[in-house]
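A.B. asks: The following block contains a protein sequence and its predicted model.
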There are 2 protein chains.
Amino acid sequence: MTRTKASEIERENSSDKIEKILQGSKQEFLAHGYTGASMDRVAVAAGVSKATIYSHFQDKEGLFKALIEQLARKRFESIFGAQTLEGEPNIVLRQLLAKALTQMLEDSEFQAFQRVIIGESARFPELAQILFRCIAKPGSEIISQYLASRSELNIPDPDAMVWVLMGSIVHLVIAQEIMHGKEILPMESDRLINALTHLINKCGE
Amino acid sequence: MTRTKASEIERENSSDKIEKILQGSKQEFLAHGYTGASMDRVAVAAGVSKATIYSHFQDKEGLFKALIEQLARKRFESIFGAQTLEGEPNIVLRQLLAKALTQMLEDSEFQAFQRVIIGESARFPELAQILFRCIAKPGSEIISQYLASRSELNIPDPDAMVWVLMGSIVHLVIAQEIMHGKEILPMESDRLINALTHLINKCGE
DNA sequence: GTCTATAGAGGGATAGAC
DNA sequence: GTCTATCCCTCTATAGAC
């Protein structure tokens, strides 16, 4: 019986501590990056002692990797929870792009996650690759197959088209929010979405 | 007379030291990021003592900012050295996109620069914004005006189209090289360029 | 299992000699 | 202007008590 009931909320087992440590480390790593993060501050944020962290994780690197893998898994589930992709291409694609872009623009945790992954991609190339294995690859395959299945769209290279769509919206998030470019060179997401859907429509004419 | 002649190559003045320090700090900051960089290693790489660095720059932050500003200025000059943008749109745009993409894909220093700028964009938002002021904004204005001036292209929103073009190629560099995604989800630059030029052509039909 | 206390290394920055 | 030597702090990681 290791379940936590409301009546025994004071008692905590190891799994709870691990989750608390991961939550605390999320704050710290997403705010300061890998090198800038302090294990002392992780301990404070998690509400445990530093020694407890080291009893559950091998070292700072092990904790960082565990956190990133957990976050990537959660992102994957939240993105591909209920994507159907059926119906009129014009509407389906517009909704898909707009929804993905809006979610990314409004989710500052995602932006911090993306910033840290890119910033540490020299030290931890395998962590950046997890994003592609878990999110970009399955996502691009779904969209590419949809584009290919709709022959009226008349797209010569669906895989390349996915890179145009994905690249345009991901880059907008990186440029406008992550890099704070919106004050210098602003672009409304509606205009980008309109431009992309207009291009796809012209393809089929 | 502070010029350095070939006959007095041993003698160095302050300007030389400053340049050596910036060169040494480039290695260190681009390889390890701001927090991960060590002033001791900068001193070794530059061939000067740590105290000499602090006599020319206020602190680590000041040196980092000076370096990033220098690199941004150099990038700007190398990109907009000889861009004419005249002639048949189909050819001009294809060449422009292909050249920009190839240069970015082959320039690992640019990639490290981009990685560090993004990684530190939470701590130093003004540095990321320098990139937009010096590179993205002037570049996008040149391309946008070209697109608008060619009425046969029939582009409803040239500014938004620039974001599609720029976003697609910059994102490819980030995804394939900076984040090491090419082993997981590869995409050849030719196919992306073909897709983009095909879209632009369809617009005008 | 979890804590406090601390070891041991490396960080940024500076004083003082030359 | 430039160096060597050093200060003081924070860091990761662990030893030992409970």
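C.D. replies: Good, I have the coordinates.
A.B. asks: Show the contacting residues for A:Lys20.
C.D. replies: Neighbouring residues of A:Lys20 by CB atoms under 8 Å, 6 or more residues apart in numbering or on different chains: A:46-48. Glycine gets a C-beta too; all of them are placed from N, C-alpha and C.
A.B. asks: Out of these, which comes closest to DNA strand D?
C.D. replies: A:Val48 (11.3 Å; CB to the nearest atom of the strand).
A.B. asks: so that closest one makes contact with A:Lys17?
C.D. replies: Yes. Judged on CB atoms under 8 Å, A:Val48 makes contact with A:Lys17 at a distance of 6.0 Å.
A.B. asks: So chain A: which segments form each domain?
C.D. replies: A:12-57, A:68-204 (automatic domain parsing).
A.B. asks: Give the burial count for A:Ala98, as a bare number.
C.D. replies: Neighbours of A:Ala98 under the rule other CB atoms under 10 Å in any protein chain shown: 18.
A.B. asks: in which helix or strand would I find it?
C.D. replies: helix A:89-106 (DSSP states H and E).
A.B. asks: can you give me phi and psi for the residue in chain A that chain B sits nearest to?
C.D. replies: In chain A, the residue found nearest to chain B is A:Gly119; the distance is 2.2 Å by CB to the nearest CB. Dihedral pair for A:Gly119: phi -60, psi -30, per degrees, to the nearest 10.
A.B. asks: do the top helix by length along chain A and DNA strand C meet?
C.D. replies: When chain A is parsed with DSSP state H, its longest helix is helix A:14-36. Yes. Residues of helix A:14-36 contacting DNA strand C under CB under 7 Å from any atom of the strand: A:14, A:17.
A.B. asks: does that helix come close to DNA strand D?
C.D. replies: No. When contact is scored as CB under 7 Å from any atom of the strand, no part of helix A:14-36 falls within range of DNA strand D; the minimum is 7.8 Å.
A.B. asks: about what we covered before: contacting residues around the helix holding A:Ala98?
C.D. replies: By CB under 8 Å, 6+ apart, helix A:89-106 touches A:79, A:83, A:85-86, A:110-111, A:143, A:146, A:150, A:152-153, A:165, A:169-170, A:172-173, A:176-177, A:189, A:192-193, A:196-197, A:200-201.
A.B. asks: Show me how far it is from its chain's centre.
C.D. replies: Mean-position distance between helix A:89-106 and its chain equals 15 Å (CA atoms, centre = their mean, to the nearest Å).
A.B. asks: Quick check: mean pLDDT of that helix?
C.D. replies: Mean per-residue pLDDT for helix A:89-106: 94.
A.B. asks: Pull out the buried residues from that helix.
C.D. replies: For helix A:89-106, the neighbour count (16 or more other CB atoms under 10 Å in any protein chain shown) marks A:89, A:93-94, A:96-98, A:100-101, A:104-105 as buried.
A.B. asks: hang on, the earlier thing: what would the contacts of A:Lys20 look like in JSON lines with distance to B:Tyr34?
C.D. replies: JSON lines is the format used below for these (distance: CB to CB, whole Å):
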{"residue": "A:Ala46", "distance to B:Tyr34": "26"}
{"residue": "A:Gly47", "distance to B:Tyr34": "29"}
{"residue": "A:Val48", "distance to B:Tyr34": "29"}
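A.B. asks: neighbour-wise, which of the residues you listed leads?
C.D. replies: Highest neighbour count within these: A:Ala46, with 23 neighbours (other CB under 10 Å).
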